[in-house]
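Engineer: sequence first, predicted coordinates after that:
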Amino acid sequence: MTAERTVPPPGGMPPERGFPPVSVIHPRGASGGLRLPAGRRTARRHTAGLPLLAADAAAALTATPVLPHPLVIAPLLLAVLCLNARAALYRPAAVPAVLDELPTVCARIAVSWCALAAVVAALSPAQSLSVRTLLTGCVLQSAASWTGRGAVHWHRRRTLARHPAAALVVGPAATAPRVAAAFLRHPGCGLRPVGVLSDGGAGGEGLPVLSTDEEAQRAVIQNNVRAVLIVGPAGEHAALLRRLAEAGCVLWEVDADLPAPDRAGGTAYDEAGRTPCRRSQRERIAGFSCRRLDVGRCPDSPAKRVLDVLVSGILLLLAGPLLLVCAVVLRVSDGPRVVFRQERVGRDGRPFTLLKFRTHRPADPREAATRWSVAGERNMSRFCRFLRRTSLDELPQLWNVFRGDMTLVGPRPERPYFVAVFSQTYPGYAARHRMRTGLTGLAQIHGLRGDTSIEDRARFDNAYIDDWSLWQDVCILLRTAATLVRPTGS
């Protein structure tokens, strides 16, 4: 929750200039966003792993003769598929190699058979699996899986060599053209560069050099680009990379240095030098050490929404008497209109009406929309100061959470005027609107309330979105509750 102090409007833009544009992030599907040719992209994304899954299912069926009962194959198949999916074995790589994944597949088959044997021995000791049966089943299924997956990978490798996917190379002029030329010399890798997005220099092998994001977007659409090879930090092109990833392109981080430095794990960076991505395991493509980047999408988990509804509903019921007392005291001490309604910017730049207890009466609507904050105003009553100091003025926002305008944990919402200003001034600020705004957040529990660094807030908010988990939400809520018990003022 936030409590703010009185400061001049940031960015050096006085209210007299009017309101800047509000649409900072285009909603998904809006005409302003980057769109690749539809159809093939969606189908390819959802069906690329089906042949591998079918191969593993067929391999599990080959072990049916050694099982005591045919129905036992169901839990075995489910266990193998779940373990393989957990290891990302159904997400095809650019250059698949069956021998590289054979140890992983065999290990998961062995674990599944051991777990099955334990369950059968516990439920039906008379039909427990012998060591010979275990070994036979593991060998049969592993051999069948190796054969099936090898056939799928051979077909995919052959298809990639005949019809390589168009790729865009992004990086500095010193290394990006060299990487593009190396990929062109190895067409069997499945990626064919069609352009270099760089800050100058030659593209190499006759490739066009693109200097602006607009030129890159046109090249992506005209050449049906499906992959982006990132050489070095994304820099000023990070926003474009985010749009390309959301449009369906696969992002590859290419290490052009030898030997390759160890960058295992972690979260890649976004707009101010950071791309909203998590790195997967490294692979070799055209001799380069590459790592596929998984774009960190906004947390839309149904579990998060269930948590919002349950917690906000319970708190609304428990805090009902307190809300009534606050409303009555405000009505008696400060007059009518105790609930303050203000337009704020939510997910994907869409506005919504935020509810608060009125603790200050602005001179006009323009002041309400463009004045940074009013939390130290001298003409505020003692009760209004108390509401702001304890953040009780924001209790009505529980209704926004219950309705779905907001979430319990997320970036704090801001007014359209300041969203436009901050998005132009602070890299990464607009990326906060990938998800619904929240009642509290990672920035707030780290003391970023009121007149504090907007750049730091954006960094913490984007880090929360990139690393989201339901347990992190629970921890932030508990730390917020502890802060409310001992308010420090604003």
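Structural biologist: Yep, it's here.

Engineer: pLDDT value on T359, please?
Structural biologist: You'll see T359 listed with a pLDDT of 79.

Engineer: and for A115?
Structural biologist: We have a pLDDT of 86 for A115.

Engineer: next one: phi and psi at the residue lying closest to E343 once chain neighbours are set aside?
Structural biologist: Leaving aside its sequence neighbours, E343 sits nearest to P351 (CB to CB, 6 or more residues apart in numbering; 5.1 Å). To be clear about C-beta, it is placed using only N, CA and C from the backbone, and glycine gets the same treatment. Main-chain torsions, P351, degrees, to the nearest 10: phi -80, psi 150.

Engineer: could you do A151 as well?
Structural biologist: phi -60, psi -40.

Engineer: isn't R459 up against G428?
Structural biologist: Yes. In this structure, R459 is within contact of G428 by CB atoms under 8 Å, at 6.6 Å.

Engineer: low-confidence ranges, the stretch 301-450 of the chain, go.
Structural biologist: 361-379 (pLDDT under 70).

Engineer: at 50 what do you get?
Structural biologist: Along the stretch 301-450 of the chain, segments meeting pLDDT under 50 span 375.

Engineer: what segments of it are helices?
Structural biologist: 302-318, 320-334, 365-370, 382-390, 397-403, 416-425, 442-445 (DSSP state H, counting those that start in this stretch).

Engineer: got it, and the stretch 151-300 of the chain?
Structural biologist: Using DSSP H, counting those that start in this stretch, helices in the stretch 151-300 of the chain cover 176-184, 213-223, 238-246.

Engineer: for the first one, which positions count as buried?
Structural biologist: For helix 176-184, the buried set under the neighbour-count rule, 16 or more other CB atoms under 10 Å, comprises 176-177, 179-184.

Engineer: redo those residues as JSON lines? Include distance to G313.
Structural biologist: As requested, the buried residues of helix 176-184 are exported to JSON lines (distance: CB to CB, whole Å):
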{"residue": "A176", "distance to G313": "53"}
{"residue": "P177", "distance to G313": "58"}
{"residue": "V179", "distance to G313": "54"}
{"residue": "A180", "distance to G313": "55"}
{"residue": "A181", "distance to G313": "60"}
{"residue": "A182", "distance to G313": "58"}
{"residue": "F183", "distance to G313": "54"}
{"residue": "L184", "distance to G313": "59"}
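
Engineer: from the residues you listed, pick the one nearest V120.
Structural biologist: Here the nearest of the buried residues of helix 176-184 to V120, counting by CB to CB, is F183; it sits at 50.7 Å.

Engineer: need the contact list for D334.
Structural biologist: Applying CB atoms under 8 Å, 6 or more residues apart in numbering to D334 gives the contacts 358, 361, 381, 383-384.

Engineer: 7 Å - rerun?
Structural biologist: When contacts are counted by CB atoms under 7 Å, 6 or more residues apart in numbering, D334 touches 381, 384.

Engineer: where's it relative to A327, distance?
Structural biologist: Distance of D334 to A327, computed by CB to CB, to the nearest Å: 11 Å.

Engineer: cool, and F288?
Structural biologist: Taking CB to CB, one finds F288 at 64 Å from A327.

Engineer: ditto for W399
Structural biologist: For W399, the distance to A327 (CB to CB) stands at 13 Å.

Engineer: L354: neighbouring residues, count only.
Structural biologist: Counted with other CB atoms under 10 Å, residues neighbouring L354 total 22.

Engineer: repeat for L484
Structural biologist: Look at L484: counted by other CB under 10 Å, it has 12 neighbours.

Engineer: how about the nearest residue to it, chain neighbours excluded?
Structural biologist: Spatially, and ignoring its direct neighbours in sequence, L484 is nearest to S391 (6.3 Å; CB to CB, 6+ apart).

Engineer: if anything else comes up later, I'll come back, but that's it for now.
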